Every structure is written in structure tokens, then in C-alpha cells.
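Enquirer: Provide a 3D model corresponding to the input given below.
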Amino acid sequence: MTDALVQALRGALGDRGVLENPEDRARFETGWRYGKGTARCIARPDSTALVAETLRLCARHGARVVAQGANSGLVASSTPDASGAMVVLSLERLNRTIDVDAEGRTVVVDGGVLLSQLNEALLPHGFWFPVDLGADPQIGAMVATNTGGTRLLKYGDVRHNLLGVEVVLGDGRVLSLLNKLRKNNTGFDAKQAFVATTGVFGIVTRAVLQVAPVPRQRATALVACSGGAPVLELLRALEAELGDVLSAFEVMSANALGPVFTHQPNLRRPFAQLPPYSVLVELSSTLPADALHLENVLEACLGAFLERAGDAVPDVLVGKGDEFWQMRHHISESLRGEGRMLAFDVSVPRSRLPAFTADVLQLLAEKHSRVRLCDYGHWGDGGTHLNLLWQEKDVADGRALVVALQEAIYDLAVNGYQGSYSAEHGVGPHNQRFYDRYTDPLVRSLCRVLGDFCDPGDLLGTVRLE
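Expert: Below you'll find the predicted structure:
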């Protein structure tokens, strides 16, 4: 890396397109939870053609590039390494195109458009992009990480809502797969090679998404459960009776929910004593209330379930949807104020979630008694966030503890329960070694072939999928 590259980038992108001073680079160099490095410069192209030119110049100078969206990821895949030699390619200026096809129920959108920006543009047409989460990511990064979110149970993840992409490959070639077809059974679905692969095969500059009608009504409840078994019984009952309108099923342990009321004083405890698990249930529908009154339906279903469950479900609150969602979305930031935190994003077959959680608790009790489990997540789709907390003063070697916990819990999830070490956060430097350990060698060989074609100079990203 030499100043000649920075000068060439400035010549191509203009002064606004290249940031070089440390104070200008700072917000691009540190991730939300993990990842902190030093970039040679920040390149900010505002068109696909300039993304391609940026990558051609970097390839010519042998400079590695890390693509960055809103930098809200949780596995350190969007920040540079510590070498000071990488170029961060930010898509924040590639954010002008939002082309809505109301009849087709699709939208063509630039990779740098924020999720909030997209939904604001869709609302006048009666649509939204229903991959819903607490952060506000860019669309290109959502494709690159296959974002899931809290309503995956009804709407699926990004992969299920993606119709087409435009991608710039590592050497500047542009691959355009921008069709709007829901049915296209003509061979290899090439766009999927760029979903959940963290930008190491190419940078997504535009996407075609299918969008959903905005629900006319929602009904929400918070259900107190005495343990994991009644949580699954509740899920089974809701899917059997209300599966067509069940849009979210979020589970929060008392350890995870308690700190919310310490750090968010404007939120009130829903129960006098927090139960082992509180389940946030949401129904949604485009039907008007005079055709199907969701709150009445939900109350009737939960009332019948309560009679069968007895003491296993001590309380139910219906309504207050905004308040319940505020509790759910404030868990992560509230836990950060409770001590040192190590977060796991794992999934197992959902029928085995209670047993898996019990095994994690047993592991902590036997080997790491100073560590507290604060678990919550999307039990409806088999995902759980295991947040482990401890006080620095109680641990002699924090780094050794992190390694021991990662080794034990990932092995339990993958080998013990045939699960995933990354349910939705993706692969990044934070979990590279577990990708190397658990990925089938044939899959890694296939990724090597794709990487050789898409990024022949091996210049993209901080992750290796081979």
C-alpha cells in the first residue's frame, strides 16, 4: 500500500469519496461489539461503476478491501485489521435507488440504503420489508449476512425474500442478476453464492427484494412460563390454532429481562416477580378487525391454554405491544451494563432448546460458577442468544475464560445437538476458527473454487471461507 493508491482513489471518487485523516476514519474502524483496526483510507463510492473502479484500483495496487455497511454487525467482519494497510469500502453514499414495483410487490434498492430508509419509502405503497431487527443495517450488508430478525417465523430471512442482486467481484467485474422473478428454475441460483458469505466473493451494490403488505392489525401478549417445556407446549398450541397469523415468538429468561428494568427506568416490570421465561407472542394480519379480531382470538387461545397448563403458566398479559417490544429490544444494551459479557448466537433443533439450555447451565455450574447465563432469543425458529456475564474481579484470566467458554459451548451446540455456532450473526474474525473446525471439507473446497473465480487476487474481506 502506497500513497499512490490513495491518490488514485481520490482521483476516481473525488475528495468526498476518500477519507484519510484519523478523525475521519475512526467511526469506520471500530465495530459495534467486536472488531477494531486501522484503515489506510475509507473509500466511499456512490455508484456501482465507482465500486468497480475502486476494486480495480485496489487490485492493481495489491490492497486488501473490507466492505462495510452500517457497521452494526456482531462478528467483526466489517472492520479492518490492525495492519493499517486495508481499504474500507463503505457503501453509505450508494443509497439513492429505491424503485418500487407495486403490482409486482418488489423493490430494486441500492446496497447502501438503510432498512429504515427502505421502509419509509415503501410505506406509502402499503408495503414493508419484514426482516425486522433492533439495528438499522444497510440492505447490501443484510444480503451479505442473511439477516434473520424477530419475525423470521412468518416472513423468513433475507435469503427467502431475495429475488436478484448486482455484485461487483473482487477484480472489478460486475455481475448483474437483477431479475424480479419468483419462479426461475433454470439452473444454478448464482445470487445465493453472495448470501451469508460476508462479502468475500463480491460486494452487493443492488438487490431486488420481494416486500410484504403492512399488517392492518397486530395483537401481542406476554406469557409467563415456569420453564422451557411449557414454552415449547405454548409454541405448539399457537402454531396448531393460530399458525396462519403467528408472526413472532420471542423468549426471554428472567436473567436477561431483569437488567432491562435497571438500565431502562422508563420501562415497568410486567410481572411482580419475573418468571423463569417470559414469552412475547405476536399475531399479525392484513385482515381488518371486523373480519378477524386478533386480540380476541389471541385471548381465547391463551385462555384455553392456561386452563390446560395450570401452574406451568402462572400469568398472561395481552396488549401493550409497544411496551413488550421495547423490553425485548433493550435486552442486549442493558446486559452490557452488567459486567463483562460474552455473547453466543447459536441454534439447535427447537424441540431440544430446553435440554440444550439445561446442559449449558450444568456446564457453568460445574466449571464456571462465577458466570451467569442470560439467555433470550427466537425460540420459534430454533435460535437462542446465550449471553454470559461475569465480574472482572471474580476472574483471574478473562481471556482464558473466553476461550474455554467458546470451546465448550460451541462444541455442545454443534456436536452435542447438531446445531449451528452462528444462527444469524454470520462468519467473521470473531468466529473464524470455528468455521475452520466445523465446516465440511468439501464445502470449504467448493468455496475455494468460488473464491478463485470471484476474487482471483484474494483481496476481499477479513474472513476466509475456504
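
Enquirer: where do the strands sit along the stretch 201-350 of the chain?
Expert: Assigned by DSSP state E, counting those that start in this stretch, the strands in the stretch 201-350 of the chain fall at 203-210, 212-213, 217-225, 246-253, 277-285, 315-318, 340-347.

Enquirer: Of all those strands, which one is nearest V395?
Expert: Among the strands of the stretch 201-350 of the chain, strand 340-347 comes nearest to V395, with 7.6 Å by Cβ to Cβ. (Glycine included, C-beta is placed from N, CA and C.)

Enquirer: Just checking, which helix or strand succeeds that closest one along the chain?
Expert: helix 353-367 (DSSP states H and E).

Enquirer: residues near Q7, how many?
Expert: Number of residues near Q7 (other Cβ atoms under 10 Å) recorded here: 11.

Enquirer: How about P275?
Expert: With other Cβ under 10 Å as criterion, P275 counts 22.

Enquirer: Identify the residue nearest it in space, chain neighbours excluded?
Expert: Closest residue in space to P275, ignoring its immediate chain neighbours: A224 at 3.9 Å, by Cβ to Cβ, 6 or more residues apart in numbering.

Enquirer: swap in E241?
Expert: C301 (5.2 Å).

Enquirer: residue contacts, the one you found?
Expert: By Cβ atoms under 8 Å, 6 or more residues apart in numbering, C301 lies in contact with 237-238, 241-242.

Enquirer: For G380, see how far away it is.
Expert: With distances taken as Cβ to Cβ, to the nearest Å, C301 is found 15 Å from G380.

Enquirer: Ok, L177 next?
Expert: Distance from L177 to G380, by Cβ to Cβ: 31 Å.

Enquirer: Of the two, which one has the most company?
Expert: With neighbours defined as other Cβ under 10 Å, L177 and G380 compare such that G380 has more, 23 against 19.

Enquirer: Please give the number of neighbouring residues around the residue nearest to that one when sequence neighbours are not counted.
Expert: Excluding its sequence neighbours, the residue lying closest to G380 (Cβ to Cβ, 6+ apart) is F249, at 3.4 Å. Counted by other Cβ under 10 Å, the residues lying close to F249 total 24.

Enquirer: ok, F249 touching G377?
Expert: No - using Cβ atoms under 8 Å as the test, F249 is too far from G377 to be in contact (10.2 Å).

Enquirer: Next one, pLDDT for V427 please.
Expert: pLDDT, V427: 87.

Enquirer: Settle this for me: it is touching L465, isn't it.
Expert: Yes - with contact defined as Cβ under 8 Å, V427 counts as touching L465 (6.9 Å).

Enquirer: what about these two, which has more around it?
Expert: V427 (24 against 21).

Enquirer: The more buried one belongs to a strand, doesn't it?
Expert: No - using DSSP: H, G, I helix; E, B strand; the rest coil, the secondary structure at V427 is coil, not a strand.
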